[in-house]
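Participant: Could you look at this predicted model? Sequence included:
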Amino acid sequence: MKLITEALAKWQLERLEAMCQSLKSRAKNLEIGRKSLVWEHVDLAEDAIDEAVSALRYNKFEQASLSCQDGFVQAGLAELLLRYGAKLDSSLSKYFLLTTDKKKSPNEDMVAYLADSLTQMKLAIEYSNCTVSKRSQSILSQAMDFYNSAIDAIKSEADDDDPERPLHCAQAGLLQVFLASEFISAENQISLPGWRGLSNPMLASPIRRGSELIALLVETKILLRQMEQESVAPIETGGPADKEKLDLFELKSDWELSYHRYVSALNSLASGSTAHAQQLIKEALKDCRAVHQVIADSHVDSFPDLIDDEEAETTETGEKTDLRNFSPIVKQKQKEEPERVAVADLMELLGEVSEMISHVDVQKKTSMSNKLRVISEKYRDAHAAFKQRQFGRAERLASEALFELDVLRDQFKKVSKRTTGKYKIR
Amino acid sequence: MILSHYESVSAVSSRTVAQRVQHASSDYWKAVKFYSNDEFDKARRLVSAGALEIKFIKQLLEAETTERELGESVFFEFATEKDQVRVEQISSSLELASIEILSFLAECKKARGQ
């Protein structure tokens, strides 16, 4: 028996060496990419040969035979690439995109559709040479993150519990691509060239009215911006205009809150909580409709004039016009650090944080995003109480918001330490 | 082969493409490893994801080739921020939000005292 094992191991070793030699000589004329891949397989096969030789030296014939078998796998793959390389691309794709029951997998179809949409969007932006705002850029980054999550879900065995996870991640990504396209088109006042939009079935499920919310969010945001841009009158603190300023500030805050809810809904959808996502979309729609209604009911001229944070830097006086007169520390800080001027509006600042946090892994992302929403709500209510001169209530709500913020900061510190290098921007 | 196509334009491609190629390549070798260890289901999953990645890379490469032919050399990237920069931004934004709420709280206390 030992003689047979020894003979078999030696015969396998000879065959493997001959295969490697043959592969090397035939790979010389291949194009560069395929050649390097074939060579890498041959290198691995040669590593297996070295292991087999060492094993034979110590009369470990079974070990040598196993090493040779590993080598045959590598050499076999190299042979496959050498013979059928160019044809493999399409045939493998077709083969692996089919499920075992020979039907197309909706998971992979949807992920491929998201990839298509991302490419189309990239092309449309490049063809039109349009300006992509920080928010739109961030939304597209999130869409890419959802694509990565979908790919990870396809690869991961753990997702057998939730077989539709790639589908849901891809749907969340598609909604973000759609939102970005609407924002970019509205901000640049153009139709994106070549961008065909998304087909209805992709938008309709599984969160109904997602597309309706997106359209409303964009329309309301553009109306709010128009109101800001059309305003030119100077701001006097302490006068009746202050109340109107606060009204506009609250409208912006409410819009940010609706947006937070929308982002939370996408995160819930991607993590499999479709019912929770649906609920958040419903709430966001209600809030956003209320903001839209207030704007529709009011004449634009009746709102106070307001200068955009970024534009404020370039006013003649050089003074930044702040919405509130109760933030001396922030004003001082902004004077010292001009790059922070653009984030004076706390709701907008929290919105940006929510977007940036969405690049952290899904569970933490949802938890932190929810916390940000709570902080926003408490701060907004505190603000409303202050306006109504209910200073005690305002103080209590602000204290609660501050406590939640401290908890969030601690949580983020822990996450960023634990996952150094895990902030995936792929 | 996608690698052959990529090698010839790697110096002028976007970071998005470079990163995707890197990930697809890494997945391929992981799949080979699983295949060698007779873990066929794991290998199949990786190849399935790889096939999608390759399709995406191909589309991105084609889009960028068209752009280059039109004389464009700076491509739109889906994400530009570095990892560490993003962490720092979040930390500083949270700190700023904290200062903002603190100052509001001080105003509330002051107003209540009056």
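Facilitator: That came through, no problem.
Participant: Alpha carbons only: can I get stretch A:214-223 in CSV?
Facilitator: Taking only C-alpha atoms (Å, rounded to 0.1, in the frame of the first residue of the first chain), the coordinates of stretch A:214-223 have been written out as CSV:
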residue,chain,number,x,y,z
ILE,A,214,-38.4,62.0,-3.4
ALA,A,215,-40.2,64.3,-5.8
LEU,A,216,-41.8,66.2,-2.9
LEU,A,217,-38.5,66.5,-1.0
VAL,A,218,-36.7,68.0,-4.1
GLU,A,219,-39.6,70.3,-4.9
THR,A,220,-39.8,71.6,-1.4
LYS,A,221,-36.1,72.1,-1.0
ILE,A,222,-35.9,74.1,-4.3
LEU,A,223,-38.8,76.3,-3.1
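Participant: Give me the contacts around that stretch.
Facilitator: Under the contact criterion C-beta atoms under 8 Å, 6 or more residues apart in numbering or on different chains, stretch A:214-223 has outside partners A:175, A:178-179, A:182-183, A:186-187, A:255, A:258-259, A:262, A:284-285, A:288-289, A:291-292, A:295. For every residue, glycine as well, the C-beta is placed using N, CA and C.
Participant: List only buried entries from the residues you listed.
Facilitator: With neighbours counted by 16 or more other C-beta atoms under 10 Å in any protein chain shown, the contacts of stretch A:214-223 contain buried members at A:175, A:178-179, A:182-183, A:187, A:255, A:258-259, A:262, A:284-285, A:288-289, A:291-292, A:295.
Participant: In strands, which of the contacts of stretch A:214-223 appear?
Facilitator: Among the contacts of stretch A:214-223, no member is found in strands (DSSP state E).
Participant: what residues are up against A:D116?
Facilitator: Applying C-beta under 8 Å, 6+ apart to A:D116 gives the contacts B:Q59.
Participant: Now it: which helix or strand?
Facilitator: Remark: A:D116 resides in helix A:106-128, with elements defined by DSSP states H and E.
Participant: buried stuff in that helix?
Facilitator: Applying a neighbour-count criterion of 16+ other C-beta under 10 Å, one finds A:107-108, A:110-128 buried in helix A:106-128.
Participant: Give me the most central residue, chain A.
Facilitator: With distances taken as C-alpha atoms, centre = their mean, chain A has A:Q142 as the residue nearest its mean C-alpha position (1.8 Å).
Participant: quick one: it and A:S354, what's the gap?
Facilitator: A:Q142 sits 10 Å away from A:S354 when distances are taken as C-beta to C-beta, to the nearest Å.
Participant: if I look at the two, which residues touch both of them?
Facilitator: A:V263.
Participant: what kind of secondary structure is A:P163 in?
Facilitator: Using DSSP: H, G, I helix; E, B strand; the rest coil, the secondary structure recorded for A:P163 is coil.
Participant: where does it fall, phi/psi-wise?
Facilitator: The phi/psi pair for A:P163 (degrees, to the nearest 10) reads phi -60, psi -20.
Participant: Run a quick neighbour tally on it.
Facilitator: Other residues near A:P163 come to 11 when the count uses other C-beta atoms under 10 Å in any protein chain shown.
Participant: Next one: it, what pLDDT does it get?
Facilitator: Per-residue confidence (pLDDT) for A:P163: 79.
Participant: Skipping its backbone neighbours, what lies nearest it in space?
Facilitator: Closest residue in space to A:P163, ignoring its immediate chain neighbours: A:N107 at 7.5 Å, by C-beta to C-beta, 6 or more residues apart in numbering or on different chains.
Participant: My guess is that neighbour contacts A:C169. True?
Facilitator: No - contact criterion C-beta atoms under 8 Å: A:N107 and A:C169 do not qualify, at 9.3 Å.
Participant: before we move on, back to that, in which helix or strand does the residue nearest to the centre of chain A reside?
Facilitator: In this structure, A:Q142 sits in helix A:134-155 according to DSSP H and E.
Participant: And that helix, what does it pack against?
Facilitator: Contact partners of helix A:134-155 among helices and strands, from 3 or more C-beta pairs under 8 Å, 6 or more residues apart in numbering or on different chains; DSSP states H and E: helix A:106-128, helix A:165-188, helix A:241-270, helix A:346-357, helix B:40-69.
Participant: cutoff 6 Å now
Facilitator: Packed against helix A:134-155 by the contact rule (3 or more C-beta pairs under 6 Å, 6 or more residues apart in numbering or on different chains; DSSP states H and E) you find helix A:165-188, helix B:40-69.
Participant: Adding distance to B:R15 as columns, could you present those helices in CSV?
Facilitator: Output for the helices and strands packed on helix A:134-155, formatted as CSV (distance: least, C-beta to C-beta, whole Å):
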stretch, distance to B:R15
helix A:165-188, 19
helix B:40-69, 11
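Participant: right, and these - which one's nearest B:Q114?
Facilitator: Across these, the minimum distance to B:Q114, taken as C-beta to C-beta, is reached by helix A:165-188, at 43.8 Å.
Participant: which residues touch A:D381?
Facilitator: A:L397 (C-beta atoms under 6 Å, 6 or more residues apart in numbering or on different chains).
Participant: Give me the distance between it and A:E395.
Facilitator: For A:D381, the distance to A:E395 equals 12 Å [C-beta to C-beta].
Participant: go on, A:L223?
Facilitator: Separation of A:L223 from A:E395 (C-beta to C-beta) stands at 33 Å.
Participant: Show me which of these two is the more surrounded one.
Facilitator: A direct count of neighbours by other C-beta under 10 Å for A:L223 and A:E395 places A:E395 higher, at 21 against 17.
Participant: Name the nearest residue to that one, sequence neighbours excluded.
Facilitator: Nearest residue to A:E395 in three dimensions, chain neighbours excluded: B:C108, at 4.0 Å (C-beta to C-beta, 6+ apart).
Participant: Secondary structure element holding that neighbour?
Facilitator: B:C108 belongs to helix B:83-113 when elements are defined using DSSP H and E.
Participant: now that helix, how far from the chain's geometric center?
Facilitator: From the chain centre to the centre of helix B:83-113 is a distance of 30 Å (C-alpha atoms, centre = their mean, to the nearest Å).
Participant: Next: stretch A:395-411.
Facilitator: For stretch A:395-411 - counting by C-alpha atoms, centre = their mean - the centre lies 26 Å from the chain centre.
Participant: Next: stretch A:169-185.
Facilitator: Here the centre of stretch A:169-185 is set off from its chain's centre by 10 Å, with C-alpha atoms, centre = their mean.
Participant: Is that stretch in proximity to chain B?
Facilitator: No - counting by C-beta under 6 Å from any C-beta of the partner chain, no contacts exist between stretch A:169-185 and chain B, the nearest distance being 10.1 Å.
Participant: which residues sit in contact with residue 67?
Facilitator: Chain wasn't specified; assuming chain A. Contacts of A:S67 were listed using C-beta under 6 Å, 6+ apart, and they are A:A48, A:E51, A:A52.
Participant: try chain B instead
Facilitator: Residues in contact with B:E67 (C-beta under 6 Å, 6+ apart) are A:E126.
Participant: Against A:E126, how distant is it?
Facilitator: Relative to A:E126, B:E67 is positioned 5 Å away (criterion: C-beta to C-beta).
Participant: next one: A:A78
Facilitator: 38 Å.
Participant: same thing with B:I90?
Facilitator: Between B:I90 and A:E126 the distance is 29 Å, computed by C-beta to C-beta.
Participant: How about A:R15?
Facilitator: Taking C-beta to C-beta as the criterion, A:R15 is separated from A:E126 by 52 Å.
Participant: Likewise for A:L8?
Facilitator: If you measure A:L8 against A:E126 using C-beta to C-beta, the figure is 59 Å.
Participant: ok, and which of the helices and strands packed on helix A:134-155 has the densest surroundings?
Facilitator: With neighbours taken as mean count of other C-beta atoms under 10 Å in any protein chain shown, the helices and strands packed on helix A:134-155 reach their highest mean count in helix A:165-188, at a mean of 25.
Participant: That helix - contacts with which helices or strands?
Facilitator: Helix A:165-188 sits against helix A:106-128, helix A:134-155, helix A:210-230, helix A:241-270, with contacts defined as 3+ C-beta pairs under 6 Å, 6+ apart.
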